[in-house]
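Colleague: below is the structure, and that's it, no one-letter string:
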């Protein structure tokens, strides 16, 4: 299945530093074993399939802002495990959040949260053996 990427990500994917992608998957299409046609310019004349790979696994991810309402709390949850909580910023959580941001192709936690700037629920699609 074709999976489109913004032009900032192909070099990181081919270099092996971007190890997964985070997507909505309302139709539950992504699962282990699927062939991934990684491309830019999907549905345009500039289509470029830059890599073929296989989905190794998926994990459920949620990002909540202001959770619960009025708390100014930001949390990231993967497979029902808290990965990050900005109100409990222990070193372990910051390291995990940095790893998640970097492995998804971002240079910082801040740039990750600029991209995912509202509540989100979807899948973390892995093409490596990495799991959280």
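Modeller: Nice, thanks for sending it over. Predicted model, so just to flag it, every value in this text is computed and none were measured.
Colleague: going by C-alpha atoms from here, please, whenever you check contacts or count neighbours.
Modeller: OK.
Colleague: run a quick neighbour tally on residue 104.
Modeller: Residues lying near residue 104 (other CA atoms under 10 Å) number 22.
Colleague: hmm, residue 16 and it touching each other?
Modeller: No - taking contacts as CA atoms under 8 Å, residue 104 lies outside contact range of residue 16: 10.6 Å.
Colleague: what's the helix or strand for residue 98?
Modeller: Secondary structure from DSSP states H and E places residue 98 in helix 91-103.
Colleague: quick check: buried residues in stretch 17-34?
Modeller: For stretch 17-34, a neighbour-count test (16 or more other CA atoms under 10 Å) marks 18-23, 30-31 as buried.
Colleague: any chance of the residues you listed in TSV, plus pLDDT and distance to residue 92?
Modeller: Shown next, in TSV, are the buried residues of stretch 17-34 (pLDDT from 0 to 100; distance: CA to CA, whole Å):
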residue	pLDDT	distance to residue 92
18	98	21
19	98	20
20	98	21
21	98	22
22	98	22
23	98	25
30	96	30
31	96	29
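Colleague: and which of these is nearest to residue 50?
Modeller: Nearest to residue 50 among the buried residues of stretch 17-34: residue 18, at 13.9 Å, using CA to CA.
Colleague: residue contacts, that closest one?
Modeller: Neighbouring residues of residue 18 by CA atoms under 8 Å, 6 or more residues apart in numbering: 9, 12, 102-105.
Colleague: now with 6 Å, please.
Modeller: By CA atoms under 6 Å, 6 or more residues apart in numbering, the contact list for residue 18 reads 12, 103-105.
Colleague: hang on, the earlier thing: narrow the buried residues of stretch 17-34 to those in strands?
Modeller: 20-23 (DSSP state E).
Colleague: show me where this structure has its strands.
Modeller: 2-4, 20-23, 35-40, 48-54, 57-64, 75-78, 81-85, 120-126.
Colleague: what strands flank the second one, and is each parallel or antiparallel?
Modeller: Right, strand 20-23. Strand 20-23 has the following strand partners under DSSP bridges: strand 120-126 (antiparallel).
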